[in-house]
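K.L.:
Any chance you could fold what I've pasted below:
(chains A, B, C and D)
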Number of protein chains: 4
Amino acid sequence: MSENVQVAVYGASGYSGAELLRLLAGHPQSEVALVTAGERAGQRLGDVFPHLAPFANMLLESVDTDPAGRADLAFLALPHGRSSTLAPKLLDADLRVVDLAGDFRLPAEAYPQWYGFDHPSPEWLGKAVYGLPELFAKDVAGADLVANPGCYPTAAALALVPLVRAGLIEPAGILIDAKSGVSGAGAKPTATVHYAHTEGSVRPYRVGTHQHTPEIELVLDRASGVATSVTFVPHLVPAVRGVLVTCYARTGFSLDELHAALVAAYDTAPFVRVLAAGEMPDAKRVTGSNVCEIGVGLDARTGTAVVAAAVDNLVKGAAGQAIQNLNLLLGWPEDWGLPVHGTPW
Amino acid sequence: MSENVQVAVYGASGYSGAELLRLLAGHPQSEVALVTAGERAGQRLGDVFPHLAPFANMLLESVDTDPAGRADLAFLALPHGRSSTLAPKLLDADLRVVDLAGDFRLPAEAYPQWYGFDHPSPEWLGKAVYGLPELFAKDVAGADLVANPGCYPTAAALALVPLVRAGLIEPAGILIDAKSGVSGAGAKPTATVHYAHTEGSVRPYRVGTHQHTPEIELVLDRASGVATSVTFVPHLVPAVRGVLVTCYARTGFSLDELHAALVAAYDTAPFVRVLAAGEMPDAKRVTGSNVCEIGVGLDARTGTAVVAAAVDNLVKGAAGQAIQNLNLLLGWPEDWGLPVHGTPW
Amino acid sequence: MSENVQVAVYGASGYSGAELLRLLAGHPQSEVALVTAGERAGQRLGDVFPHLAPFANMLLESVDTDPAGRADLAFLALPHGRSSTLAPKLLDADLRVVDLAGDFRLPAEAYPQWYGFDHPSPEWLGKAVYGLPELFAKDVAGADLVANPGCYPTAAALALVPLVRAGLIEPAGILIDAKSGVSGAGAKPTATVHYAHTEGSVRPYRVGTHQHTPEIELVLDRASGVATSVTFVPHLVPAVRGVLVTCYARTGFSLDELHAALVAAYDTAPFVRVLAAGEMPDAKRVTGSNVCEIGVGLDARTGTAVVAAAVDNLVKGAAGQAIQNLNLLLGWPEDWGLPVHGTPW
Amino acid sequence: MSENVQVAVYGASGYSGAELLRLLAGHPQSEVALVTAGERAGQRLGDVFPHLAPFANMLLESVDTDPAGRADLAFLALPHGRSSTLAPKLLDADLRVVDLAGDFRLPAEAYPQWYGFDHPSPEWLGKAVYGLPELFAKDVAGADLVANPGCYPTAAALALVPLVRAGLIEPAGILIDAKSGVSGAGAKPTATVHYAHTEGSVRPYRVGTHQHTPEIELVLDRASGVATSVTFVPHLVPAVRGVLVTCYARTGFSLDELHAALVAAYDTAPFVRVLAAGEMPDAKRVTGSNVCEIGVGLDARTGTAVVAAAVDNLVKGAAGQAIQNLNLLLGWPEDWGLPVHGTPW
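P.N.:
Next comes the predicted model:
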């Protein structure tokens, strides 16, 4: 391995891929060695994303390009279902892999119901490490295959795990109402993301069927050792970036007790900002940064804890967290290349 | 009373007041006889709201102007706490009053906690009719004083009452996660509504303390005859108009049963649109109209009914509903001056 | 002809078609008898545009449907190049036609260069009336075929014609910098109108080649009797509706003289609002209305008149003006079904 | 001077001040030693701008705080009219000063007309260097007082100077139609920047009276040695960041000749991106970066050159350029701390 790690970005014509490149441009020991695309293979990156000036002249190559000898590590920012086939090949070619899709996050039997396909490489599922550094940093160091978490599970788990672990909220009947900007729907033009349809639009989608539901339950259970049940309903709101999850759970504890557990959990976490008790996060404030901002309130009338968390879905919810995992994988400082200050306006 | 009813609009320099005027411009038997403002009294309406062309030359008068002999009915679109003093004077002067503020919606003892003031005219609280026409139309006809509902309670009650009434959802532990555009915060410039702060911002506010909480419980209880408990958390989203409430309740019934109850409840309601089972509403689709769009889903894994409702906060959530009440008060067709088709883009 | 005129809306799945329906829902003597679509033919209108409640159950028919006996008048809201073939057939079937595309606005020889096709029915070009009512109302009354103006030419002509006519600005070297919301780009999802690309985007397009350029020169010349030359550069801005044109011309006259000419020209025009001298229009204020708002300023240092005009591109710039033409065609009051008050927020 | 330069940011509670801090957080040899505010003096920076995490615990001090011994260089991001009094005091205390306001950009006699005040320290005007690095880099190195250019003049000068210098456009009668996001109007809440007023709004402002007009003429004349005359009309558009200027000038030259002059002028400029001939810039693409993107087109019909330039008004149009000047002042690499890749979505 050279001094600079050579990285490949698969899916560089999508939003997560582009965001990986934006952040890698500021990373001190990474070099982008290979970028791939589907339909846009053969074009210059500068023609697809003119704002990515440092990489303007790189050619987008086919996803079938052999990376051996060119890259040490691959980020896979591909649509769900592609990396479960590609990753084993790259691993066999001795690359390390950070997968931003959902292909290595669930047990094999969950894929038909939640993702609509039979998993083609179930033998790798047990070896994949779930890369939520604030909860599983030790597992990530030295891993070959990292399943980078989804945006909603990242925010939900960071908000809820300390409270479930400490027994401060009831693990059954947790309810998560999530709001997301439209970049989460991807770069492909559809009626859903037409400006004239999205401006002023607020709507729930995929009620009871979103693939992040089992991922949230799984990470809560694994991190806390308690079996939880979660109702999860995402919404689209008229913003480009940003995810806010508002989590509701029954509690018999005080606001100060809830707050103290969150503060203690993230005392030394560089990318989690716990607000003062009762203050609520804002998706805008984390835009462009790798920060998860968390606030907790209490509706004492009904005994309901309200814990909300905001992330930039493309950074802490995707590309930024992937680079955080890169840093952990290679034993570098966790925050290399990752801003804690955003660009909120 | 002349053939045309002469109406006064108190608070015509605010958003709800302006929206009343926009709709009254298309009402067949109303004439705007008097408009008032606070700081902007003395100015032409056209200087405050250039888009209200039909009323451009009307002078904004002081709120203390004597309306006797000029107006038959007054809409009060004033900040909370003003109409509880003003309305009794207008009623004594033989005007009918539709109050768009919260001053006549709750029992007297609730005002200190939820609105921060002692109610100055509690004797009128018992005479005020809660003007949610789909539930209480008969009470409105002939009333002297109508308490026009809040935007969130309108949407929440229309979504939940049929299900509570029919015993299809558990009345305890109902959870309402609401999203609102910023016009609900009023026309006054504040840091909160600065464009640069609002664009891209998604945030909860007033967790556990919003004044619409007891109003929602009260209308649910009154309309259903069952005691409910509600946790209510509103959010601001980057939109001008629009409220979406997503309501969660435990249920043992099927999606079809839930859906059938909603369809039956609003079979003949001109302003409620119940979507197909499982389809979800969009705040954008009701913009500019007096429609409440309702959708219901079911998370069968957790036994959670998800019923969502969207209204334009300035129309069905304020000015449009006030005109619907005007129509009912005077025995006119319920839909005069009230569009069912919006201006979504 | 029945008491209600039966109208057909061709292209009802596009934005101009939908806006025609929204406005026709409030028109006192029109009935929508036939709606057509391309790819979406066969679907219910309510499935395509849920906000168009009054027409939810109408079926979108094929553009080839024979309208004879069903409709008296057809609005053609089709992509450019379609109505030049369709209109002659409808005219032969004794329908009157209002064409919202550009197919009947220019002389035949202009079509290859500006629209990229040879005009298939040039014999109709001489019979088509250019339907800008404020300038050519007399021609519209009784016409069989009306060429409804483009959005930019509507705003530009209303701003400039009175000044050119009165000899107050130099007719050569007029410069028009135009800004438009993205609904002008149509309902088809493309990368250009993806929310994530449009939010925050301000960009010129089609410099020197936009098809509205010759239309603007033509209407200026025809209405004023003077030969003009115009440089026209449109821009996309992050808004749904709204067109603002800022027109620059050399002048030796005073601001008061410029302003007086505009005031005089539109003294009795129901849909033109001339602002006080020096005040500038705002695209937002005319949203949802059929109004063109005009303001004039003067840069005395450089002898440059600055006259700006705002219209809602879908109303005064398309569907509203088409209905204004319908009213004139049939001798009805010019403002039937057409609001002068907008829905700016 | 220590290894790290100690910098003071005056006006840290405004948008330009906050943006200076955001960028300084990534600058390798600067340390923020002092931040000041007006009304918000005494508060923690983290309470004003929660996203500026690295500086959250710094106290905002009074503008009257003595910086001697604490700071080597001061950025003045104050309202116009303040730095002309403050800067001389700081200079006397041996600080270097980069002024982001307009106080040192014009000759003394221009201030009453364009800024509305008599300049209190005209003796410093001759010593101030106009800090537009692409044109005057040599002057900046070693200067004590830098007048950081306005956002519109930055974009306009970078677009026009190469063409004026080369004699490719007529210097008289240049017309600049500019569009800006609302962050340029500052952080103070006003009716103008209320979200409900700004969303969907496109409007010209300050026609013929904007204070950037003489600044643009001055820099064009100084850089090209030719006397120009400019008409400048700015517009507000519904965006947070971004300025696009569209410049029009008469020309007898070809598009290729115009384009070649721009390419040659910025061959080695790290922060200017000249697009292919005929391609137009987009304000969105430079968001968050210090880049000025320039495109040129030609309307051959009318002999009009159309040259457009986009900058992020808070970066290349303010704070980024100020840091570029810092780098030049101190002999550091010009691009330290300044991204060339933006955050467009």
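K.L.:
hey, where'd the helices end up in the stretch 101-250 of chain A?
P.N.:
Per DSSP state H, counting those that start in this stretch, the stretch 101-250 of chain A carries helices over the ranges A:111-115, A:133-140, A:151-165, A:195-198, A:212-224.
K.L.:
now these in JSON lines, with distance to D:D299, mean pLDDT and mean neighbour count?
P.N.:
For the C-beta atoms, the positions are set from N, CA and C on the backbone; glycine is no exception. What follows is the helices of the stretch 101-250 of chain A, written out as JSON lines (distance: least, CB to CB, whole Å; pLDDT from 0 to 100; neighbours: other CB atoms under 10 Å in any protein chain shown):
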{"stretch": "helix A:111-115", "distance to D:D299": "53", "mean pLDDT": "98", "mean neighbour count": "17"}
{"stretch": "helix A:133-140", "distance to D:D299": "55", "mean pLDDT": "96", "mean neighbour count": "18"}
{"stretch": "helix A:151-165", "distance to D:D299": "46", "mean pLDDT": "98", "mean neighbour count": "27"}
{"stretch": "helix A:195-198", "distance to D:D299": "28", "mean pLDDT": "95", "mean neighbour count": "27"}
{"stretch": "helix A:212-224", "distance to D:D299": "51", "mean pLDDT": "96", "mean neighbour count": "22"}
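K.L.:
what sits against the closest residue to chain C within the stretch 201-345 of chain A?
P.N.:
Closest residue of the stretch 201-345 of chain A to chain C, CB to the nearest CB: A:V240 (4.8 Å). Contact analysis of A:V240 by CB atoms under 8 Å, 6 or more residues apart in numbering or on different chains lists A:181-183, B:200, C:195-196, C:199-200, D:345.
K.L.:
And A:L168, by the same measure?
P.N.:
Listed by CB under 8 Å, 6+ apart, the contact set of A:L168 reads A:251, A:253, A:257-258, A:261, A:305.
K.L.:
Distance to chain D and secondary structure for these - can I get that in JSON lines?
P.N.:
What follows is the contacts of A:L168, written out as JSON lines (distance: CB to the nearest CB, whole Å; DSSP: H, G, I helix; E, B strand; the rest coil):
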{"residue": "A:T251", "distance to chain D": "26", "secondary structure": "coil"}
{"residue": "A:F253", "distance to chain D": "26", "secondary structure": "coil"}
{"residue": "A:E257", "distance to chain D": "24", "secondary structure": "helix"}
{"residue": "A:L258", "distance to chain D": "21", "secondary structure": "helix"}
{"residue": "A:A261", "distance to chain D": "22", "secondary structure": "helix"}
{"residue": "A:A305", "distance to chain D": "22", "secondary structure": "strand"}
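K.L.:
What's the local residue count around A:K316?
P.N.:
Look at A:K316: counted by other CB atoms under 10 Å in any protein chain shown, it has 29 neighbours.
K.L.:
With A:A185 as the reference, measure out to the residue in the stretch 1-150 of chain A that chain B sits nearest to.
P.N.:
In the stretch 1-150 of chain A, no residue comes nearer to chain B than A:Q113, which is 10.6 Å away by CB to the nearest CB. Per CB to CB, to the nearest Å, A:Q113 is found 22 Å from A:A185.
K.L.:
Just the pLDDT for the residue of the stretch 101-250 of chain A found nearest chain D.
P.N.:
Distances between the stretch 101-250 of chain A and chain D by CB to the nearest CB are smallest at A:V240, namely 4.6 Å. With respect to pLDDT, A:V240 scores 96.
K.L.:
likewise A:G142?
P.N.:
Here the pLDDT value assigned to A:G142 is 88.
K.L.:
same thing with A:A300?
P.N.:
Turning to A:A300, the model gives it a pLDDT of 96.
K.L.:
Around chain C, pick out the residues from chain A.
P.N.:
Proximity of chain A to chain C, by CB under 8 Å from any CB of the partner chain, involves residues A:15, A:182-183, A:187, A:189-191, A:193-196, A:198-200, A:238, A:240.
K.L.:
Any of these buried? List them.
P.N.:
In terms of neighbour count (16 or more other CB atoms under 10 Å in any protein chain shown), the buried residues within the residues of chain A next to chain C are A:15, A:182-183, A:187, A:189, A:193-196, A:198-200, A:238, A:240.
K.L.:
domains for chain A, by residue range?
P.N.:
By the assignment in automatic domain parsing, chain A contains the domains A:5-127, A:152-312.
K.L.:
Most tightly packed of those?
P.N.:
Of all the domains of chain A, domain A:152-312 has the most neighbours on average by mean count of other CB atoms under 10 Å in any protein chain shown, namely a mean of 23.
K.L.:
Could you name the residue of chain A that is farthest from its center?
P.N.:
Distance from the centre of chain A peaks at A:R301, with 34.3 Å (CA atoms, centre = their mean).
K.L.:
Over to that residue. Which of the three states is it?
P.N.:
The three-state label given to A:R301 by DSSP: H, G, I helix; E, B strand; the rest coil is coil.
K.L.:
got the contact list for it?
P.N.:
A:R301 neighbours (CB under 8 Å, 6+ apart): B:208, B:213, B:229, B:231.
K.L.:
How about the residues of chain A by chain D?
P.N.:
Neighbours of chain D within chain A, by CB under 8 Å from any CB: A:15, A:21-22, A:25-26, A:50-54, A:183, A:240-241, A:273, A:282, A:285-289, A:291, A:293, A:339-345.
K.L.:
Let's see which of these end up in strands.
P.N.:
Among the residues of chain A next to chain D, the ones falling in strands (DSSP state E) are A:273, A:293.
K.L.:
CA atoms of whichever helix or strand A:L90 is part of as CSV?
P.N.:
A:L90 is part of helix A:83-92, with elements assigned from DSSP states H and E. Output of helix A:83-92 as CSV, limited to C-alpha atoms (Å, rounded to 0.1, in the frame of the first residue of the first chain):
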residue,chain,number,x,y,z
SER,A,83,-22.8,-4.6,-4.6
SER,A,84,-23.9,-8.0,-3.3
THR,A,85,-22.5,-9.3,-6.6
LEU,A,86,-19.7,-6.9,-7.1
ALA,A,87,-18.2,-6.8,-3.6
PRO,A,88,-17.1,-10.5,-3.5
LYS,A,89,-15.2,-10.0,-6.7
LEU,A,90,-13.4,-6.9,-5.3
LEU,A,91,-12.7,-8.7,-2.0
ASP,A,92,-11.2,-11.6,-3.9
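K.L.:
what does it contact?
P.N.:
Identification of contacts with helix A:83-92 by CB under 8 Å, 6+ apart yields A:10, A:63, A:67, A:74, A:76, A:78, A:97, A:99, A:101, A:103-104, A:119-121, A:124, A:144-145.
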